[in-house]
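K.L.:
Turn this into a model:
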Amino acid sequence: MSTTRFLTGITTTGTPHLGNFVGSIRPSVAASLSPNVQSFYFLADYHALIKCEDPVRIQRSTLEIAASWLAAGLNPDHVTFYRQSDIPEIPELNWLLSCVTGKGVLNRAHAYKASQDKNLAAGREADDGVTAGLFMYPVLMGADILMFKAHKVPVGRDQIQHIEMARDMAASFNHLYGEHFVLPEAAIDEHVATLPGLDGRKMSKSYDNTIPLFSSREQLKKLIGSILTDSRAPGEPKEVEGSALFQIYQAFATPAETETLRKAYADGIAWGDAKNTLFERVDQVIAPMRAKYEDLIHNPARIEATLLAGAERARGLATPFIRELRSAVGLRSLAQAATAAKPVKATKAALPSFKQYREADGKFYFKLVAADGRLLLQSTGFDAPKDAGQAIAQLQKDAGALQALAPRLAPVDGVQAADVSAALQALADAAAAA
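P.N.:
Below you'll find the predicted structure:
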(Lines give C-alpha, C1' and ligand atoms only; values in the text may rest on other atoms or scores of the structure.)
Protein backbone atom coordinates (compact mmCIF):
# COMPACT_ATOMS: atom_id res chain seq x y z
CA MET A 1 0.00 0.00 0.00
CA SER A 2 1.40 3.41 -0.98
CA THR A 3 2.29 5.96 1.69
CA THR A 4 0.49 9.30 1.85
CA ARG A 5 2.08 12.30 3.52
CA PHE A 6 -0.18 14.40 5.73
CA LEU A 7 0.99 17.75 7.12
CA THR A 8 -0.63 19.85 9.87
CA GLY A 9 0.51 23.14 11.39
CA ILE A 10 -0.58 24.71 14.67
CA THR A 11 -0.04 28.45 15.19
CA THR A 12 1.56 29.21 18.56
CA THR A 13 -0.54 32.13 19.73
CA GLY A 14 -2.76 30.68 22.43
CA THR A 15 -3.67 27.89 24.82
CA PRO A 16 -5.33 24.78 23.29
CA HIS A 17 -9.00 24.43 24.19
CA LEU A 18 -11.67 21.74 23.96
CA GLY A 19 -12.58 22.86 20.43
CA ASN A 20 -8.98 22.37 19.27
CA PHE A 21 -8.96 18.90 20.82
CA VAL A 22 -12.16 17.75 19.14
CA GLY A 23 -11.59 19.47 15.80
CA SER A 24 -7.87 18.92 15.27
CA ILE A 25 -5.80 17.18 17.94
CA ARG A 26 -7.90 14.05 18.48
CA PRO A 27 -8.57 13.24 14.79
CA SER A 28 -4.99 14.05 13.79
CA VAL A 29 -3.49 11.81 16.46
CA ALA A 30 -5.85 9.02 15.38
CA ALA A 31 -4.88 9.50 11.71
CA SER A 32 -1.17 9.36 12.56
CA LEU A 33 -1.61 5.75 13.70
CA SER A 34 -2.55 4.55 10.22
CA PRO A 35 0.20 2.34 8.75
CA ASN A 36 -0.03 3.92 5.28
CA VAL A 37 0.27 7.52 6.50
CA GLN A 38 3.45 9.53 7.03
CA SER A 39 2.54 12.45 9.29
CA PHE A 40 4.22 15.83 9.74
CA TYR A 41 3.11 18.09 12.62
CA PHE A 42 4.73 21.44 13.21
CA LEU A 43 4.45 24.37 15.59
CA ALA A 44 3.96 27.37 13.33
CA ASP A 45 5.87 29.96 15.35
CA TYR A 46 6.88 32.03 12.30
CA HIS A 47 3.18 32.37 11.49
CA ALA A 48 2.54 33.44 15.07
CA LEU A 49 4.67 36.55 14.55
CA ILE A 50 2.05 37.84 12.12
CA LYS A 51 -0.66 37.75 14.79
CA CYS A 52 1.19 38.29 18.05
CA GLU A 53 3.87 40.76 19.17
CA ASP A 54 4.28 39.30 22.67
CA PRO A 55 7.44 37.13 22.79
CA VAL A 56 6.53 35.63 26.18
CA ARG A 57 3.11 34.57 24.93
CA ILE A 58 4.58 32.93 21.81
CA GLN A 59 7.11 30.98 23.87
CA ARG A 60 4.48 29.91 26.41
CA SER A 61 2.03 28.94 23.68
CA THR A 62 4.71 26.84 21.97
CA LEU A 63 5.28 24.96 25.22
CA GLU A 64 1.56 24.46 25.91
CA ILE A 65 0.71 23.31 22.39
CA ALA A 66 3.63 20.88 22.21
CA ALA A 67 2.73 19.45 25.63
CA SER A 68 -0.95 19.17 24.62
CA TRP A 69 -0.25 17.18 21.47
CA LEU A 70 2.17 14.86 23.22
CA ALA A 71 -0.21 14.35 26.16
CA ALA A 72 -3.03 13.57 23.73
CA GLY A 73 -1.05 10.65 22.36
CA LEU A 74 1.06 11.99 19.50
CA ASN A 75 4.07 9.66 19.26
CA PRO A 76 7.18 11.61 18.15
CA ASP A 77 8.83 8.32 17.16
CA HIS A 78 6.10 7.59 14.61
CA VAL A 79 5.63 11.10 13.20
CA THR A 80 7.80 14.09 12.34
CA PHE A 81 7.01 16.65 15.06
CA TYR A 82 8.99 19.87 14.83
CA ARG A 83 9.08 23.62 15.38
CA GLN A 84 8.85 25.65 12.19
CA SER A 85 11.65 28.05 13.17
CA ASP A 86 14.07 25.12 13.61
CA ILE A 87 13.97 24.48 9.84
CA PRO A 88 15.95 27.32 8.15
CA GLU A 89 15.21 25.81 4.76
CA ILE A 90 11.56 26.90 5.12
CA PRO A 91 12.18 30.68 5.00
CA GLU A 92 14.63 30.10 2.13
CA LEU A 93 11.95 28.23 0.21
CA ASN A 94 9.56 31.03 1.14
CA TRP A 95 11.78 33.40 -0.86
CA LEU A 96 12.10 31.06 -3.85
CA LEU A 97 8.31 30.75 -3.98
CA SER A 98 7.89 34.52 -3.58
CA CYS A 99 9.78 34.90 -6.84
CA VAL A 100 7.28 32.79 -8.79
CA THR A 101 4.06 33.99 -7.10
CA GLY A 102 2.10 36.83 -8.67
CA LYS A 103 1.08 39.76 -6.50
CA GLY A 104 -2.38 39.51 -8.02
CA VAL A 105 -2.77 36.04 -6.51
CA LEU A 106 -1.90 37.35 -3.06
CA ASN A 107 -4.27 40.30 -3.49
CA ARG A 108 -7.11 37.77 -3.52
CA ALA A 109 -6.12 36.03 -0.27
CA HIS A 110 -9.08 35.92 2.13
CA ALA A 111 -7.17 37.17 5.19
CA TYR A 112 -5.74 40.14 3.30
CA LYS A 113 -9.10 41.05 1.76
CA ALA A 114 -10.78 40.76 5.16
CA SER A 115 -8.26 43.22 6.64
CA GLN A 116 -8.88 45.64 3.79
CA ASP A 117 -12.66 45.35 4.11
CA LYS A 118 -12.43 45.98 7.86
CA ASN A 119 -10.33 49.09 7.27
CA LEU A 120 -12.62 50.46 4.57
CA ALA A 121 -15.69 49.86 6.75
CA ALA A 122 -14.01 51.89 9.50
CA GLY A 123 -13.14 54.70 7.09
CA ARG A 124 -9.41 53.95 7.11
CA GLU A 125 -6.98 53.46 4.25
CA ALA A 126 -7.34 49.94 2.82
CA ASP A 127 -3.84 48.78 3.82
CA ASP A 128 -3.73 50.49 7.20
CA GLY A 129 -1.94 48.19 9.66
CA VAL A 130 -1.43 45.47 7.04
CA THR A 131 2.12 44.11 7.32
CA ALA A 132 4.11 42.46 4.57
CA GLY A 133 3.99 39.35 6.75
CA LEU A 134 0.19 39.24 6.62
CA PHE A 135 0.21 39.86 2.88
CA MET A 136 2.82 37.13 2.26
CA TYR A 137 1.27 34.65 4.71
CA PRO A 138 0.06 32.30 1.94
CA VAL A 139 3.59 32.01 0.56
CA LEU A 140 5.03 30.94 3.90
CA MET A 141 2.20 28.45 4.25
CA GLY A 142 3.02 27.20 0.77
CA ALA A 143 6.66 26.73 1.81
CA ASP A 144 5.57 24.73 4.87
CA ILE A 145 3.56 22.37 2.69
CA LEU A 146 5.79 22.06 -0.36
CA MET A 147 9.03 21.59 1.57
CA PHE A 148 7.95 18.13 2.69
CA LYS A 149 6.04 17.17 -0.48
CA ALA A 150 2.81 16.76 1.44
CA HIS A 151 0.05 14.98 -0.45
CA LYS A 152 -2.78 15.91 1.92
CA VAL A 153 -3.26 18.91 4.22
CA PRO A 154 -6.19 18.65 6.68
CA VAL A 155 -7.91 22.04 6.74
CA GLY A 156 -11.28 23.62 7.30
CA ARG A 157 -13.22 24.94 4.33
CA ASP A 158 -12.02 28.47 5.09
CA GLN A 159 -8.43 27.32 4.46
CA ILE A 160 -8.94 25.62 1.09
CA GLN A 161 -7.77 28.74 -0.73
CA HIS A 162 -4.32 28.45 0.87
CA ILE A 163 -3.93 24.91 -0.45
CA GLU A 164 -5.00 26.04 -3.91
CA MET A 165 -2.40 28.81 -3.74
CA ALA A 166 0.29 26.31 -2.72
CA ARG A 167 -0.65 24.20 -5.76
CA ASP A 168 -0.34 27.26 -7.99
CA MET A 169 3.10 28.07 -6.56
CA ALA A 170 4.27 24.50 -7.07
CA ALA A 171 2.97 24.40 -10.63
CA SER A 172 4.62 27.74 -11.48
CA PHE A 173 7.97 26.61 -10.09
CA ASN A 174 7.74 23.22 -11.81
CA HIS A 175 6.92 24.89 -15.12
CA LEU A 176 9.97 27.16 -14.91
CA TYR A 177 12.54 24.82 -13.37
CA GLY A 178 11.38 21.22 -13.85
CA GLU A 179 9.33 18.85 -11.75
CA HIS A 180 10.39 19.31 -8.14
CA PHE A 181 7.21 19.78 -6.11
CA VAL A 182 4.26 17.54 -5.32
CA LEU A 183 0.95 19.35 -5.83
CA PRO A 184 -0.87 19.08 -2.46
CA GLU A 185 -4.57 18.51 -1.91
CA ALA A 186 -6.84 19.80 0.84
CA ALA A 187 -8.21 17.05 3.09
CA ILE A 188 -11.65 18.12 4.32
CA ASP A 189 -13.31 16.03 7.02
CA GLU A 190 -17.00 16.88 6.92
CA HIS A 191 -17.56 15.04 10.21
CA VAL A 192 -15.10 17.01 12.36
CA ALA A 193 -17.06 18.69 15.12
CA THR A 194 -17.02 22.43 15.72
CA LEU A 195 -17.71 23.06 19.39
CA PRO A 196 -19.69 26.02 20.73
CA GLY A 197 -18.05 28.11 23.43
CA LEU A 198 -19.30 29.49 26.74
CA ASP A 199 -21.58 32.00 24.99
CA GLY A 200 -22.94 29.64 22.33
CA ARG A 201 -20.81 31.01 19.51
CA LYS A 202 -18.02 28.92 17.98
CA MET A 203 -15.36 28.22 20.61
CA SER A 204 -12.54 30.58 19.67
CA LYS A 205 -9.77 32.62 21.28
CA SER A 206 -11.09 35.55 19.24
CA TYR A 207 -14.37 35.45 21.18
CA ASP A 208 -12.73 34.79 24.56
CA ASN A 209 -15.24 32.01 25.13
CA THR A 210 -12.98 28.96 25.34
CA ILE A 211 -12.55 26.14 27.82
CA PRO A 212 -8.80 25.42 28.07
CA LEU A 213 -8.11 21.77 27.27
CA PHE A 214 -6.11 21.12 30.40
CA SER A 215 -7.95 23.24 32.92
CA SER A 216 -7.75 21.89 36.45
CA ARG A 217 -10.75 19.83 37.53
CA GLU A 218 -12.00 22.75 39.63
CA GLN A 219 -11.57 25.27 36.80
CA LEU A 220 -13.24 22.92 34.31
CA LYS A 221 -16.26 22.56 36.58
CA LYS A 222 -16.48 26.33 37.02
CA LEU A 223 -16.24 27.06 33.28
CA ILE A 224 -18.81 24.44 32.31
CA GLY A 225 -21.07 25.88 34.99
CA SER A 226 -20.89 29.25 33.23
CA ILE A 227 -22.07 27.97 29.82
CA LEU A 228 -25.02 30.02 28.62
CA THR A 229 -28.43 28.28 28.79
CA ASP A 230 -32.03 29.41 28.42
CA SER A 231 -34.54 30.05 31.20
CA ARG A 232 -36.47 26.76 31.02
CA ALA A 233 -37.07 25.39 34.50
CA PRO A 234 -36.45 21.87 35.85
CA GLY A 235 -39.14 19.50 34.59
CA GLU A 236 -39.72 21.57 31.47
CA PRO A 237 -38.68 19.77 28.23
CA LYS A 238 -35.54 21.21 26.62
CA GLU A 239 -34.29 21.31 23.04
CA VAL A 240 -30.99 19.66 22.13
CA GLU A 241 -30.86 21.71 18.92
CA GLY A 242 -28.73 24.77 19.58
CA SER A 243 -27.75 23.64 23.07
CA ALA A 244 -24.03 24.24 23.67
CA LEU A 245 -24.12 21.80 26.59
CA PHE A 246 -25.51 19.01 24.45
CA GLN A 247 -23.16 19.63 21.51
CA ILE A 248 -20.06 19.53 23.72
CA TYR A 249 -21.32 16.40 25.49
CA GLN A 250 -21.95 14.69 22.15
CA ALA A 251 -18.31 15.29 21.14
CA PHE A 252 -17.01 13.43 24.21
CA ALA A 253 -19.64 10.75 24.80
CA THR A 254 -20.56 7.45 23.16
CA PRO A 255 -23.68 7.29 20.97
CA ALA A 256 -25.50 5.44 23.76
CA GLU A 257 -24.57 8.08 26.34
CA THR A 258 -25.65 10.81 23.93
CA GLU A 259 -29.08 9.21 23.49
CA THR A 260 -29.47 8.96 27.27
CA LEU A 261 -28.85 12.70 27.65
CA ARG A 262 -31.17 13.43 24.71
CA LYS A 263 -33.95 11.61 26.56
CA ALA A 264 -33.09 13.50 29.76
CA TYR A 265 -33.51 16.76 27.85
CA ALA A 266 -36.96 15.67 26.68
CA ASP A 267 -37.83 14.70 30.26
CA GLY A 268 -36.88 18.16 31.55
CA ILE A 269 -33.45 17.68 33.15
CA ALA A 270 -32.38 20.68 35.22
CA TRP A 271 -29.62 22.76 33.64
CA GLY A 272 -27.47 22.32 36.73
CA ASP A 273 -27.72 18.53 36.42
CA ALA A 274 -26.98 18.68 32.68
CA LYS A 275 -23.88 20.77 33.35
CA ASN A 276 -22.69 18.33 35.99
CA THR A 277 -23.24 15.41 33.58
CA LEU A 278 -21.17 17.24 30.95
CA PHE A 279 -18.43 18.05 33.44
CA GLU A 280 -18.02 14.46 34.60
CA ARG A 281 -17.95 13.12 31.04
CA VAL A 282 -15.37 15.62 29.78
CA ASP A 283 -13.20 15.19 32.85
CA GLN A 284 -13.29 11.42 32.40
CA VAL A 285 -11.67 11.88 28.96
CA ILE A 286 -9.27 14.67 29.93
CA ALA A 287 -8.05 13.51 33.37
CA PRO A 288 -5.57 10.84 32.18
CA MET A 289 -4.11 13.23 29.60
CA ARG A 290 -4.05 16.07 32.15
CA ALA A 291 -1.63 14.15 34.36
CA LYS A 292 0.76 13.62 31.44
CA TYR A 293 0.36 17.26 30.37
CA GLU A 294 1.30 18.54 33.81
CA ASP A 295 4.37 16.32 33.83
CA LEU A 296 5.44 17.64 30.43
CA ILE A 297 4.70 21.29 31.16
CA HIS A 298 6.99 21.13 34.18
CA ASN A 299 9.76 19.54 32.12
CA PRO A 300 10.24 21.97 29.22
CA ALA A 301 13.73 20.59 28.51
CA ARG A 302 12.12 17.25 27.67
CA ILE A 303 9.79 18.92 25.16
CA GLU A 304 12.71 20.91 23.73
CA ALA A 305 14.67 17.70 23.16
CA THR A 306 11.67 16.13 21.44
CA LEU A 307 11.25 19.10 19.10
CA LEU A 308 14.96 19.23 18.25
CA ALA A 309 14.93 15.51 17.46
CA GLY A 310 11.95 16.13 15.19
CA ALA A 311 13.74 19.04 13.54
CA GLU A 312 16.74 16.83 12.82
CA ARG A 313 14.45 14.31 11.15
CA ALA A 314 12.70 17.06 9.17
CA ARG A 315 15.98 18.63 8.07
CA GLY A 316 17.12 15.24 6.84
CA LEU A 317 14.51 15.80 4.11
CA ALA A 318 14.65 19.60 3.84
CA THR A 319 18.42 20.10 3.50
CA PRO A 320 18.99 17.97 0.38
CA PHE A 321 15.74 19.22 -1.15
CA ILE A 322 16.63 22.90 -0.78
CA ARG A 323 20.04 22.07 -2.28
CA GLU A 324 18.23 20.60 -5.28
CA LEU A 325 16.01 23.69 -5.56
CA ARG A 326 18.93 26.09 -5.28
CA SER A 327 20.65 24.34 -8.16
CA ALA A 328 17.43 24.33 -10.18
CA VAL A 329 17.11 28.13 -10.03
CA GLY A 330 20.81 28.73 -10.75
CA LEU A 331 22.23 29.25 -7.26
CA ARG A 332 25.19 27.03 -8.04
CA SER A 333 28.90 26.83 -7.34
CA LEU A 334 30.89 29.25 -9.48
CA ALA A 335 33.80 26.83 -9.44
CA GLN A 336 31.62 24.24 -11.15
CA ALA A 337 30.43 26.80 -13.65
CA ALA A 338 33.99 27.91 -14.40
CA THR A 339 35.10 24.34 -14.90
CA ALA A 340 32.20 23.66 -17.23
CA ALA A 341 32.97 26.77 -19.27
CA LYS A 342 36.74 26.21 -19.44
CA PRO A 343 37.72 25.97 -23.14
CA VAL A 344 39.68 22.74 -23.05
CA LYS A 345 39.55 20.37 -26.01
CA ALA A 346 38.93 17.38 -23.80
CA THR A 347 35.84 18.97 -22.29
CA LYS A 348 32.73 17.18 -23.48
CA ALA A 349 29.48 18.91 -24.31
CA ALA A 350 26.89 18.71 -21.58
CA LEU A 351 24.41 15.92 -22.18
CA PRO A 352 20.88 15.15 -21.08
CA SER A 353 20.69 12.77 -18.13
CA PHE A 354 18.33 10.26 -16.56
CA LYS A 355 17.55 10.54 -12.85
CA GLN A 356 15.97 7.64 -10.97
CA TYR A 357 14.36 8.16 -7.56
CA ARG A 358 11.81 6.86 -5.10
CA GLU A 359 8.75 8.88 -4.12
CA ALA A 360 6.71 8.92 -0.92
CA ASP A 361 4.20 6.49 -2.45
CA GLY A 362 6.92 3.81 -2.33
CA LYS A 363 7.16 3.55 -6.12
CA PHE A 364 10.22 4.18 -8.30
CA TYR A 365 10.32 6.85 -10.98
CA PHE A 366 12.74 8.27 -13.50
CA LYS A 367 12.96 11.48 -15.47
CA LEU A 368 15.03 12.70 -18.40
CA VAL A 369 16.50 16.15 -17.82
CA ALA A 370 18.06 18.31 -20.52
CA ALA A 371 21.57 19.70 -20.11
CA ASP A 372 20.03 23.06 -19.15
CA GLY A 373 17.89 21.48 -16.41
CA ARG A 374 14.59 21.36 -18.32
CA LEU A 375 12.38 18.35 -17.69
CA LEU A 376 11.93 16.41 -20.94
CA LEU A 377 10.45 13.10 -19.88
CA GLN A 378 8.70 11.82 -16.76
CA SER A 379 7.79 8.24 -15.95
CA THR A 380 4.88 6.89 -13.99
CA GLY A 381 5.62 4.76 -10.90
CA PHE A 382 7.30 1.34 -11.05
CA ASP A 383 6.95 -1.21 -8.27
CA ALA A 384 10.66 -2.13 -8.33
CA PRO A 385 13.81 -0.09 -9.06
CA LYS A 386 14.95 -2.83 -11.46
CA ASP A 387 11.91 -2.19 -13.68
CA ALA A 388 12.60 1.55 -13.81
CA GLY A 389 16.26 0.86 -14.59
CA GLN A 390 15.38 -1.52 -17.41
CA ALA A 391 13.10 1.12 -18.96
CA ILE A 392 15.93 3.67 -18.79
CA ALA A 393 18.33 1.21 -20.41
CA GLN A 394 15.81 0.52 -23.15
CA LEU A 395 15.42 4.23 -23.91
CA GLN A 396 19.18 4.81 -23.90
CA LYS A 397 19.72 1.95 -26.32
CA ASP A 398 16.88 2.70 -28.72
CA ALA A 399 15.08 6.02 -29.14
CA GLY A 400 12.30 4.05 -30.83
CA ALA A 401 11.46 2.57 -27.42
CA LEU A 402 9.53 5.75 -26.67
CA GLN A 403 6.47 4.36 -28.42
CA ALA A 404 6.71 0.98 -26.71
CA LEU A 405 7.02 2.61 -23.27
CA ALA A 406 4.34 5.24 -23.86
CA PRO A 407 1.94 3.72 -21.27
CA ARG A 408 4.63 4.15 -18.58
CA LEU A 409 5.37 7.80 -19.44
CA ALA A 410 3.54 10.90 -18.22
CA PRO A 411 3.13 13.91 -20.51
CA VAL A 412 5.23 16.99 -19.76
CA ASP A 413 3.69 20.34 -20.67
CA GLY A 414 5.51 22.27 -23.37
CA VAL A 415 7.79 19.41 -24.43
CA GLN A 416 7.63 18.11 -27.99
CA ALA A 417 8.30 14.50 -28.91
CA ALA A 418 11.08 15.72 -31.20
CA ASP A 419 12.87 17.28 -28.19
CA VAL A 420 12.83 13.96 -26.35
CA SER A 421 13.96 12.01 -29.40
CA ALA A 422 16.83 14.44 -29.97
CA ALA A 423 17.97 14.11 -26.36
CA LEU A 424 17.88 10.32 -26.52
CA GLN A 425 19.80 10.36 -29.79
CA ALA A 426 22.46 12.59 -28.20
CA LEU A 427 22.88 10.05 -25.41
CA ALA A 428 23.09 7.17 -27.89
CA ASP A 429 25.69 9.04 -30.00
CA ALA A 430 27.76 9.80 -26.91
CA ALA A 431 27.64 6.15 -25.84
CA ALA A 432 28.69 5.00 -29.31
CA ALA A 433 31.61 7.45 -29.35
CA ALA A 434 32.85 6.41 -25.92
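K.L.:
where along this protein do the strands fall?
P.N.:
4-11, 37-44, 80-83, 152-154, 185-187, 353-358, 364-369, 375-379, 409-410 (DSSP state E).
K.L.:
Could you give the separation of the fourth one from the chain centroid?
P.N.:
Between the mean C-alpha location of strand 152-154 and the chain-wide mean there is a distance of 6 Å, by C-alpha atoms, centre = their mean, to the nearest Å.
K.L.:
Report the contact partners of the closest residue to D128 other than its chain neighbours.
P.N.:
Spatial nearest neighbour of D128, chain neighbours left out: N119 (4.9 Å); criterion: C-beta to C-beta, 6 or more residues apart in numbering. Placement of C-beta: from N, CA and C, glycine included. Residues near N119 by C-beta atoms under 8 Å, 6 or more residues apart in numbering: E125, A126, D127, D128, G129, V130.
K.L.:
Out of the residues you listed, grab the one that's most surrounded.
P.N.:
In terms of neighbours by other C-beta atoms under 10 Å, the contacts of N119 top out with V130 at 15 neighbours.
K.L.:
tell me the contacts of it?
P.N.:
Counting by C-beta under 8 Å, 6+ apart, V130 has contacts Y112, S115, Q116, N119.
K.L.:
Can you flag the buried ones in those residues?
P.N.:
Y112, S115, Q116, N119 (16 or more other C-beta atoms under 10 Å).
K.L.:
how many neighbours does P184 have?
P.N.:
Residues lying near P184 (other C-beta under 10 Å) number 24.
K.L.:
again, but for L245
P.N.:
Neighbourhood size, L245 [other C-beta under 10 Å]: 23.
K.L.:
Could you work out the most separated pair of the contacts of N119?
P.N.:
Within the contacts of N119, two members stand farthest from each other by C-beta to C-beta: A126 and G129, at 10.4 Å.
K.L.:
For the strands of the chain, give me JSON lines that also has mean neighbour count.
P.N.:
Shown next, in JSON lines, are these (neighbours: other C-beta atoms under 10 Å):
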{"stretch": "strand 4-11", "mean neighbour count": "21"}
{"stretch": "strand 37-44", "mean neighbour count": "22"}
{"stretch": "strand 80-83", "mean neighbour count": "23"}
{"stretch": "strand 152-154", "mean neighbour count": "20"}
{"stretch": "strand 185-187", "mean neighbour count": "17"}
{"stretch": "strand 353-358", "mean neighbour count": "14"}
{"stretch": "strand 364-369", "mean neighbour count": "20"}
{"stretch": "strand 375-379", "mean neighbour count": "20"}
{"stretch": "strand 409-410", "mean neighbour count": "15"}
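K.L.:
Compare those and report which one is nearest to I25.
P.N.:
Closest among those, using C-beta to C-beta: strand 4-11, at 8.6 Å.
K.L.:
how much distance is there from that closest one to the middle of the chain?
P.N.:
With C-alpha atoms, centre = their mean, you get 3 Å for strand 4-11.
K.L.:
low-scoring stretches of the stretch 51-200 of the chain, by residue?
P.N.:
Judged by pLDDT under 70, the stretch 51-200 of the chain has its weakly predicted residues at 189-193.
K.L.:
In it, what residue spans correspond to helices?
P.N.:
55-71, 89-98, 103-107, 110-121, 132-147, 160-177 (DSSP state H, counting those that start in this stretch).
K.L.:
what's the closest of those helices to S226?
P.N.:
helix 55-71 (21.9 Å).
K.L.:
now for the closest one, which elements pack on it?
P.N.:
Judged by 3 or more C-beta pairs under 8 Å, 6 or more residues apart in numbering; DSSP states H and E, helix 55-71 is in contact with strand 37-44, helix 45-51, strand 80-83, helix 271-297, helix 300-329.
K.L.:
Could you report the neighbour count for the closest residue to L49 other than its chain neighbours?
P.N.:
Distances taken as C-beta to C-beta, 6+ apart place G133 nearest to L49, at 6.6 Å, with adjacent residues excluded. By the criterion of other C-beta under 10 Å, G133 has 13 neighbours.
K.L.:
wait, G133 sits on A48?
P.N.:
No - using C-beta atoms under 8 Å, G133 is not in contact with A48, being 10.5 Å away.
K.L.:
ok, T194 to K202 distance?
P.N.:
Going from T194 to K202 by C-beta to C-beta, to the nearest Å gives 6 Å.
K.L.:
overlap in contacts of the two?
P.N.:
With C-beta under 8 Å, 6+ apart as the test, T194 and K202 both reach G19.
K.L.:
which phi and psi does the closest residue in space to K51 that isn't next to it in sequence have?
P.N.:
Excluding the flanking residues, the one nearest K51 by C-beta to C-beta, 6+ apart is T13, at 5.2 Å. T13 has phi and psi values of phi -120, psi 0 when expressed as degrees, to the nearest 10.
K.L.:
I'd like to know how many residues surround T13.
P.N.:
For T13, using other C-beta under 10 Å, the count is 20.
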